[in-house]
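1. Provided below are the primary sequence and the corresponding predicted coordinates.
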Amino acid sequence: MSDIKRSINKLGLSARGRTEILKHLNGKKLNSTQMLRAKCYSCMGYYADGKMDCQMPECPLYPKMPYRKREEIPPQSPETPKNDVSGDVTP
């Protein structure tokens with residue numbers, strides 16, 4: 001067994017990405033979602049400190065980070081102007 005697999009088995013939490021990183025280490029193919037989860041799992045130190053937001057918005061994968069805190073998006077009010085196709089703002 002590789003050192004990485006031993007570390008995952010010893011330190012890694014059961015979290016999104018664990019199955020995927022082990023699958024990758026065993027030479028199996030991953031789809032893009034599985035790749036993303038595996039990378040976050042690895043980057044976060046196998047979530048040994050817990051399943052939490054990495055708080056690294058500069059990372060290109062951050063918008064899809066499995067444990068990212070989602071910001072609440074306020075509903076758009078009817079008074080809010082919308083841009084039409086021409087770029088003109090209409091009320």
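-> Yes, it's here.
2. could you pull out the buried residues of stretch 18-36?
-> 18, 20-22, 24, 34-36 (16 or more other Cβ atoms under 10 Å). Where C-beta positions appear, they are placed from N, C-alpha and C, glycine not excepted.
3. tell me which of those residues is nearest to Lys51?
-> The closest of the buried residues of stretch 18-36 to Lys51 turns out to be Arg18 (Cβ to Cβ; 10.6 Å).
4. I'd say that closest one and Tyr41 touch.
-> Yes: at 5.8 Å, Arg18 and Tyr41 qualify as touching, with contact defined as Cβ atoms under 8 Å.
5. identify the contacts common to those two.
-> Gly12 (Cβ atoms under 8 Å, 6 or more residues apart in numbering).
6. ok so, going back, what's the closest of the buried residues of stretch 18-36 to Lys5?
-> Among the buried residues of stretch 18-36, Leu22 lies closest to Lys5 (Cβ to Cβ), at 6.8 Å.
7. the closest one belongs to a helix?
-> Yes: counting by DSSP: H, G, I helix; E, B strand; the rest coil, Leu22 is part of a helix.
8. show me what contacts it?
-> 5, 8.
9. which other residues reach stretch 51-66?
-> By Cβ under 8 Å, 6+ apart, stretch 51-66 touches 13, 15-17, 36-37, 39-40, 43-44, 67-69.
10. show me where this protein has strands.
-> For the chain, strands defined by DSSP state E occupy the ranges 82-83, 89-90.
11. most residues in a single helix of this structure, which one?
-> Longest helix of the chain, by residue count under DSSP state H: helix 32-43.
12. so what secondary structure elements neighbour it?
-> Applying 3 or more Cβ pairs under 8 Å, 6 or more residues apart in numbering; DSSP states H and E, one finds that helix 32-43 contacts helix 18-25.
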